[in-house]
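J.: The following block contains a protein sequence and its predicted model.
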Amino acid sequence: MSFLDWPVERTLTSLRTSRRRLVLLNLLLDRFTDVFPEIEYEVLWDSPTINAQAWRLGSDRYVRVYGGLARHPALSKFGLSLALAHETGHHLGGAPYDSALPHISNQTQADYWAARFAMPRIWGSHARGATLRGATELLKLQRSLSYDLKASELDVAPEERYRVMIAGAFGVALAMEHVI
């Protein structure tokens, strides 16, 4: 576990795989920066933390990806894209907002916005397939991290997040006022 009790890599990838993943991540970040120029994207490549985060500093909006997430073998470019879209959704997804951070969309809204609006802007006509695959990868990743995360520590259950992402991919409206 990291200092924030986030899960960390348990095994290191080979140098070759690590380099390939960094190239892939940089290509995705370039695409996200082009599509969402109002967000500043950054990477902490050397960090073993398996996570990404969105935050604000004044009016500036940031998304950070940690190396442990980018290198995780459960994620392809689709899962990484959806994770980046989710973090972007915290900034651009709108209401409902996080109760502790009123300028950040809550987890479920960020998931829905990522699948419904961000992935089509990133993947075009391939968005639905990319989102479905990415959602499956993220579900498997969250389940695999259960050794580090207790259900009580999760804002939203992995299966609920998956359901919301699939609904977003198909454009199904959800009543999310009740969801964290």
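T.: Looks like it arrived, so ask away.

J.: Point out where the protein drops to low pLDDT.
T.: Scanning the chain for pLDDT under 70 picks out 1-5, 147-154, 176-180.

J.: residue contacts, the spatially most central residue of it?
T.: Geometric centre of the chain, nearest residue: A83, 2.0 Å, by CA atoms, centre = their mean. By CB atoms under 8 Å, 6 or more residues apart in numbering, the contact set of A83 is A52, V65, L69, L75, G134, L138. Backbone N, C-alpha and C define where each C-beta goes, glycine included.

J.: which stretch of helix or strand covers it?
T.: Under the criterion of DSSP states H and E, A83 resides in helix 77-92.

J.: which residues are in contact with the following helix or strand past that helix?
T.: Per DSSP H and E, the first helix or strand lying C-terminal to helix 77-92 is helix 107-113. Applying CB under 8 Å, 6+ apart, the contact partners of helix 107-113 are 54, 85-87, 89-90, 92-98, 105, 155-156, 160-161, 164-165, 167-168, 174, 176, 179-180.

J.: Make a PyMOL selection of the buried ones in those.
T.: The PyMOL selection below is limited to those of the contacts of helix 107-113 classed as buried (16 or more other CB atoms under 10 Å):
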select buried, resi 54+85+86+87+89+90+92+93+98+105+156+160+161+164+165+167+168+176+179
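
J.: Report the angle between the top helix by length along the chain and helix 77-92.
T.: The longest helix of the chain (DSSP state H) is helix 15-35. Put simply, helix 15-35 runs at 40 degrees to helix 77-92, going by axes from the mean of the first three to the mean of the last three CA atoms, to 10 degrees.

J.: Checking my notes, T131 in a strand, right?
T.: No. When DSSP: H, G, I helix; E, B strand; the rest coil is applied, T131 is found to be helix, with no strand at that position.

J.: how many neighbours does the nearest residue to it once chain neighbours are set aside have?
T.: Closest residue in space to T131, ignoring its immediate chain neighbours: A169 at 4.1 Å, by CB to CB, 6 or more residues apart in numbering. Number of residues near A169 (other CB atoms under 10 Å) recorded here: 23.
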